[in-house]
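**Student:** this one's sequence-less:
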Ligand SMILES: *Cc1c(COP(=O)(O)O)cnc(C)c1O
């Protein structure tokens, strides 16, 4: 049996941990079967509890963009650990990473560190509400902004996978302040502004969506959002937890040339440690406590080990002028070759790709919103997933997720991946 030890360990985990996992998508509920438990990772490769190895297209859901346990990051974290794990006081290191990010990302004056993308998005929305003195927000179906109550109104990713769009425990009172719109549907946005005139604090969006599979913004959708926000005194929040430091160092703001009012970060920013952040211009960020009245705090925010891992990862990326070219070219090659193989097999498909994010949707020709994503053949994706897993390729375990390409994935890994796909 391929996954003997994993299966035994997972059975035990289920006794002590709800569903056996600390985050739902890991449970393989969408693709079926028993999750593979990992014990180590290096570069492009994962090793599971049964000592099988895999080429990794999850990369911890994005953070491992330079590959796992990069020697430079590893050494820096080891040295930092010698100095203490956490102080709960300000440190010089926090200013160093804040300055480094602000100097290299367009359009942000100040940044506040937190410990997850969820916290970042939750705090950004509170700040937007405090700043505008309005209650309502607009979010898009299929976009995921973490699991705070305001966003679990009809979330993508985990929640969509479980067909559980409205989580019990989220109150009606909270739900009424979140307005939902279809991704890429600007008419709906215009209608929402008409119906809720003067009440909308913010629009929050994944500028390239990654939590309903990879879905790209069409035409001038983002520009139009910027414009309607300006016309209505509404803040535009780019949730760059996935796209930040991935599409480009300056994320979607840089790639699309659009200034967001607030930007949230996570994933890559911590280089694999638990980090999130939100950032914006002085006028807005000055409203945060202790300077302003909008409260937000965290015992482990700006944790030195996490800051060190994040800063060293970001520096590796920033100091390598070919970094983005390389991972984008790798992803382009992968996308085109996967498309060719599927076409040769007579399997209709749609491959959405931007930068180093990519998704394959089966038996559909266009996916530009959550409805489209749901129309894809997900049971075929599930077979595809398991076929690749058995052949040493680890994809995200759901057709509603994005594959993340790291810099450790080279021609050799691409060739092995395509070989596995040919066997499907
Ligand atoms: C992962 C993700 C989040 C949530 O981040 P966590 O660290 O899991 O809390 C928020 N927004 C987007 C776009 C994400 O991809």
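**Tutor:** That came in fine, so what should we check first? None of the values given here were measured: they were computed from a predicted structure. Numbering: from 1, shown residues only.

**Student:** C-alpha from now on. contacts and neighbour counts both.
**Tutor:** Fine.

**Student:** how about the residues of the protein near the ligand?
**Tutor:** Those residues of the chain that sit near the ligand, judged by Cα under 6 Å from any ligand atom, are 116, 117, 118, 144, 145, 146, 206, 239, 240, 241, 242, 266.

**Student:** As CSV, the residues you listed with secondary structure would be great.
**Tutor:** Formatted as CSV, the residues of the chain next to the ligand follow (DSSP: H, G, I helix; E, B strand; the rest coil):
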residue, secondary structure
116, coil
117, helix
118, helix
144, coil
145, coil
146, coil
206, coil
239, strand
240, coil
241, coil
242, coil
266, coil
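
**Student:** ok, which pair from those residues is furthest apart?
**Tutor:** The span of those, defined through Cα to Cα, is set by 116 and 206 at 16.0 Å.

**Student:** And those two? Which one has more around it.
**Tutor:** residue 206 (26 against 20; other Cα atoms under 10 Å).

**Student:** so what's that one up against?
**Tutor:** Applying Cα atoms under 8 Å, 6 or more residues apart in numbering, we find residue 206 in contact with 143, 144, 238, 239, 240, 243.

**Student:** cutoff 10 Å now
**Tutor:** 139-140, 142-145, 183, 215-217, 237-243, 252, 264 (Cα atoms under 10 Å, 6 or more residues apart in numbering).

**Student:** how close does it sit to residue 241?
**Tutor:** To residue 241, residue 206 is 8 Å away according to Cα to Cα, to the nearest Å.

**Student:** which residues are common contacts for these two?
**Tutor:** By Cα under 10 Å, 6+ apart, residue 206 and residue 241 have these common neighbours: 144, 145, 264.

**Student:** For PyMOL, write a command that selects the buried ones of these.
**Tutor:** Selecting only the buried members of these in PyMOL, with burial defined as 16 or more other Cα atoms under 10 Å, works like this:
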select buried, resi 144+145+264
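
**Student:** I'd like the shared contacts of residue 206 and residue 241 written out as TSV, with pLDDT and distance to residue 26 added.
**Tutor:** Formatted as TSV, the entries for those read as follows, by pLDDT from 0 to 100; distance: Cα to Cα, whole Å:
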residue	pLDDT	distance to residue 26
144	96	16
145	97	18
264	98	24
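
**Student:** Pick out whichever of the shared contacts of residue 206 and residue 241 sits closest to residue 383.
**Tutor:** Using Cα to Cα as the measure, the one of the shared contacts of residue 206 and residue 241 that approaches residue 383 most closely is residue 144, at 25.1 Å.

**Student:** from what I can see the closest one touches residue 205, true?
**Tutor:** Yes. Because the distance of 8.6 Å satisfies Cα atoms under 10 Å, residue 144 is recorded as touching residue 205.

**Student:** Now the common contact residues for those two.
**Tutor:** Both residue 144 and residue 205 are contacted by residue 239, under the criterion Cα under 10 Å, 6+ apart.

**Student:** to the chain's geometric centre, what's the distance from stretch 14-21?
**Tutor:** The chain centroid and the centroid of stretch 14-21 are separated by 24 Å, computed with Cα atoms, centre = their mean, to the nearest Å.

**Student:** Now it: buried residues?
**Tutor:** Buried positions in stretch 14-21, judged by neighbour count with 16+ other Cα under 10 Å: 19, 20.

**Student:** Averaged pLDDT, that stretch. What do you get?
**Tutor:** Stretch 14-21 comes out with an average pLDDT of 97.

**Student:** who touches it?
**Tutor:** Applying Cα under 10 Å, 6+ apart, the set of residues contacting stretch 14-21 from outside is 9, 10, 11, 12, 13, 24, 26, 27, 29, 35.

**Student:** Can you verify my assumption that residue 281 contacts residue 112?
**Tutor:** No. Under the criterion of Cα under 10 Å, residue 281 is not in contact with residue 112, lying 11.7 Å apart.

**Student:** more crowded one of the two?
**Tutor:** residue 112 (21 against 16).

**Student:** What about the contacts of stretch 14-21, which are in helices?
**Tutor:** 9, 10, 11, 12, 13 (DSSP state H).

**Student:** which one among these gets closest to residue 377?
**Tutor:** Sorting the ones in helices among the contacts of stretch 14-21 by distance to residue 377 puts residue 10 at the head of the list, at 28.0 Å, by Cα to Cα.

**Student:** Relative to the ligand, which residue of the stretch 251-400 of the chain is the closest?
**Tutor:** residue 266 (5.8 Å; Cα to the nearest ligand atom).

**Student:** residues contacting that residue?
**Tutor:** Counted by Cα under 10 Å, 6+ apart, residue 266 has contacts 62-63, 113-121, 239-245, 272-278.

**Student:** Make TSV out of the residues of the chain next to the ligand and add distance to residue 97.
**Tutor:** What follows is the residues of the chain next to the ligand, written out as TSV (distance: Cα to Cα, whole Å):
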residue	distance to residue 97
116	16
117	17
118	20
144	26
145	23
146	23
206	24
239	20
240	17
241	17
242	19
266	14
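
**Student:** isn't there a strand covering residue 342?
**Tutor:** No. When three-state DSSP is applied, residue 342 is found to be helix, with no strand at that position.

**Student:** May I have the predicted confidence score for it?
**Tutor:** If you check residue 342, the pLDDT there is 98.

**Student:** Distance check, it against residue 295.
**Tutor:** For residue 342, the distance to residue 295 equals 51 Å [Cα to Cα].

**Student:** what's the answer for residue 274, then?
**Tutor:** As judged by Cα to Cα, residue 274 and residue 295 stand 21 Å apart.

**Student:** For these two, indicate the residue with more neighbours.
**Tutor:** When neighbours are counted by other Cα under 10 Å, residue 274 comes out ahead of the other of residue 274 and residue 295, with 24 against 14.

**Student:** how many other residues sit next to the nearest residue to that one once chain neighbours are set aside?
**Tutor:** The spatial neighbour of residue 274 that comes closest, neighbours along the chain excluded (Cα to Cα, 6 or more residues apart in numbering), is residue 115 at 5.2 Å. By other Cα under 10 Å, the residues close to residue 115 number 21.
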